[in-house]
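Peer 1: Pasting the sequence and the predicted coordinates here, then a few questions.
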Amino acid sequence: MAKRLVGQRRVLPSWARRAMNPNTPTTSKRNTVLTASNQHPKTGMEILYPTIRMGRDGKLRKSGMAEALKKGDYMSFDTPRQATEYAKQLSRTINRARKMKPSGAR
């Protein structure tokens, strides 16, 4: 089931919590997670999901909407703009948790 708001905060799916862990791997470009959003095929809600996941072997791998739908570990939003704004906020939160500079920063 997709994560909904709990009070004023979202309950983060496991992929987002994992991305905040500085002991987990990053890509060669220092990404720990990348996200995308699309319209849910049944509900019409905009969903945010990871395009990089950590596999059972501990390595990062590509993923997509189909896997997120199957696992139910996406976040739902009313609009694409809300999903994008949340993704940006999540990225900043991950960077702080991992003590990383934002993309493009020197």
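Peer 2: Thanks, I have it.

Peer 1: Need the residues that contact the helix or strand in which residue 53 is found.
Peer 2: Secondary structure from DSSP states H and E places residue 53 in strand 52-54. Here strand 52-54 makes contact (C-beta atoms under 8 Å, 6 or more residues apart in numbering) with 15, 18, 24-25, 27, 31-34, 60-63, 67. Where you see a C-beta, it was placed from the backbone N, CA and C, and this is true even at glycine.

Peer 1: redo that, cut-off 7 Å
Peer 2: Identification of contacts with strand 52-54 by C-beta atoms under 7 Å, 6 or more residues apart in numbering yields 15, 18, 24, 27, 31, 33, 34, 60, 61, 62, 63.

Peer 1: if I read this right, the second one contacts residue 25, doesn't it?
Peer 2: The reference is to residue 18. No - judged on C-beta atoms under 7 Å, residue 18 makes no contact with residue 25 at a distance of 10.0 Å.

Peer 1: Tell me which of the two has more neighbours.
Peer 2: A count of neighbours by other C-beta atoms under 10 Å puts residue 18 above the other of residue 18 and residue 25, at 17 against 10.

Peer 1: For residue 75, see how far away the more buried one is.
Peer 2: Using C-beta to C-beta, to the nearest Å, residue 18 is found at 15 Å from residue 75.
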